[in-house]
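Peer 1: With the input below, show me the fold.
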Amino acid sequence: MSFNDFGAAIAWGDPEHQPGDIVKDAIRKERILKEIAAAQGDLQVANLASSALVARVHSVQSDVDKLTSENSTLQMYIDNLTMQMAKRK
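Peer 2: Down below sits the predicted model:
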């Protein structure tokens, strides 16, 4: 087994760049930057949507808590009326 040509294998890293690849690299980097900017924009939209959903969940939870309290009050009223009716008989 010989390790003399170990550094020659390009399968372990980036392919070797040719001297004329500067323009290709610049185009590739610009494309990648555009993709990153688009992905960040998508994340911002998703973040706004999730913030709106969280606000809606809090609003609905507040409504549920209010209705639960009202139901407890009504149940207490019904129980008191029931006891009063039972005492009259």
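
Peer 1: low pLDDT regions in the protein?
Peer 2: Scanning the chain for pLDDT under 70 picks out 1-20.

Peer 1: which secondary structure element contains residue 50?
Peer 2: Secondary structure from DSSP states H and E places residue 50 in helix 22-88.

Peer 1: Tell me the gap between that helix and the middle of its chain.
Peer 2: Its chain's C-alpha centre and that of helix 22-88 lie 12 Å apart, by Cα atoms, centre = their mean, to the nearest Å.

Peer 1: Offset the numbering so it begins at 14, please.
Peer 2: Taking 14 as the first residue, the last one we looked at is helix 35-101.

Peer 1: Tell me the helices and strands packed up against it.
Peer 2: In terms of contacts (3 or more Cβ pairs under 8 Å, 6 or more residues apart in numbering; DSSP states H and E), helix 35-101 is packed against no helix or strand at all. For glycine as for every other residue, the C-beta is placed from the backbone atoms N, C-alpha and C.

Peer 1: From residue 48, how far off is residue 89?
Peer 2: 61 Å (Cβ to Cβ, to the nearest Å).

Peer 1: Equivalent analysis for residue 54, please.
Peer 2: Residue 54 sits 11 Å away from residue 48, taking Cβ to Cβ as the criterion.
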